[in-house]
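K.L.:
Predicted model, plus sequence, below.
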Amino acid sequence: MASTLAKIIIHTDGGCIGNPGVGGWAAVLESDKHRKEISGGEPATTNNRMELRAAIEALDILKKPCAVEMHTDSQYVRNGITKWLAGWKKNGWKTANKQPVKNEDLWRALDVASSRHQVKWHWLKGHAGHDDNERCDELCAEAMAVIKKQYTHQQLAAALAAFRSLSYTLSFDQ
């Protein structure tokens, strides 16, 4: 089956100014001679949430099932999807310590997005000179800069306060 699927190479990254703080995510998708760059962000979030969003958005943009080589500089994302996810689902979205899984909403979304494809997950060291990872880092920074221009300092502070309040309720990354 894999031989009939389109082959896609994806590099992702996520970041934050402050953690939590203004966040950005980005992905570079390549197939044959085609290349697409996507990015976005949020006024109040965490680095881990942006790393997850990058992978979700990249997989969701694919219109049909693909054979994906997914490259992330996040051990959290790679280990979560390859090692921890099955146990979390089996335990009713609780960790081995019986605690709620942080960022459960995004882990569920990544589970759905990745289930449509044949994904091989690869970790690479961030900020180590890998061109596509560096490009994703640039795109994240650009996305965060856009958000900082769209909101006043007071609006960003209010968004951060709301996020922190919500994160205690919904087990978001803190």
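P.N.:
The structure has been received and is ready for your questions. Keep in mind it's a predicted model, so treat the numbers as computed, not measured. Numbering: from 1, shown residues only.
K.L.:
what ranges do the strands span in the chain?
P.N.:
Using DSSP state E, the strands of the chain run over 6-18, 21-31, 34-45, 66-72, 118-123.
K.L.:
quick one: contacts for the residue positioned nearest the centre of the chain?
P.N.:
When Cα atoms, centre = their mean is applied to the chain, the residue found nearest the centroid is residue 52 (2.2 Å). Contacts here follow Cβ atoms under 8 Å, 6 or more residues apart in numbering; on that basis residue 52 touches 14, 77, 103, 106, 107, 109, 110. Yep, even glycine has a C-beta here, placed from its N, CA and C like the rest.
K.L.:
Recalculate using a threshold of 10 Å.
P.N.:
By Cβ atoms under 10 Å, 6 or more residues apart in numbering, the residues touching residue 52 are 12, 14, 25, 46, 72, 74, 76-77, 80-81, 103, 105-107, 109-110, 173.
K.L.:
Which of the residues you listed are buried, as a PyMOL select command?
P.N.:
Buried residues within the contacts of residue 52, by 16 or more other Cβ atoms under 10 Å, are selected in PyMOL with:
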select buried, resi 12+14+25+46+72+74+76+77+80+81+103+106+107+109+110+173
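K.L.:
all helices in the protein, in order from the N-terminus.
P.N.:
47-61, 75-79, 85-90, 104-115, 131-150, 153-170 (DSSP state H).
K.L.:
hey, which of the strands of the chain is tucked in deepest?
P.N.:
Neighbour counts (mean count of other Cβ atoms under 10 Å) averaged over each of the strands of the chain peak at strand 21-31, with a mean of 24.
K.L.:
Give me the distance from that strand to the chain's centre.
P.N.:
Between the centre of strand 21-31 and the centre of its chain there are 8 Å (Cα atoms, centre = their mean, to the nearest Å).
K.L.:
That one to strand 66-72, inter-axis angle?
P.N.:
140 degrees (axes from the mean of the first three to the mean of the last three Cα atoms, to 10 degrees).
K.L.:
Would you give the sheet partners of strand 21-31, along with the direction of each?
P.N.:
If you go by DSSP bridges, strand 21-31 pairs up with strand 6-18 (antiparallel), strand 34-45 (antiparallel).
K.L.:
can you tell which of the strands of the chain is closest to residue 165?
P.N.:
Residue 165 sits nearest to strand 34-45 of all the strands of the chain, at 10.3 Å, using Cβ to Cβ.
K.L.:
Can I get that closest one in PDB? Just the C-alpha atoms.
P.N.:
Taking C-alpha atoms only, strand 34-45 is exported to PDB below (Å, rounded to 0.1, in the frame of the first residue of the first chain):
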ATOM      1  CA  HIS A  34       6.600  20.700  -4.800                       C
ATOM      2  CA  ARG A  35       7.200  22.700  -1.600                       C
ATOM      3  CA  LYS A  36       4.700  24.300   0.700                       C
ATOM      4  CA  GLU A  37       5.200  26.400   3.800                       C
ATOM      5  CA  ILE A  38       2.500  26.900   6.400                       C
ATOM      6  CA  SER A  39       2.500  28.800   9.700                       C
ATOM      7  CA  GLY A  40       0.300  30.300  12.300                       C
ATOM      8  CA  GLY A  41       0.100  31.100  15.900                       C
ATOM      9  CA  GLU A  42      -1.800  32.100  19.000                       C
ATOM     10  CA  PRO A  43      -1.600  35.100  21.400                       C
ATOM     11  CA  ALA A  44      -1.300  32.800  24.500                       C
ATOM     12  CA  THR A  45      -0.100  29.200  24.400                       C
END
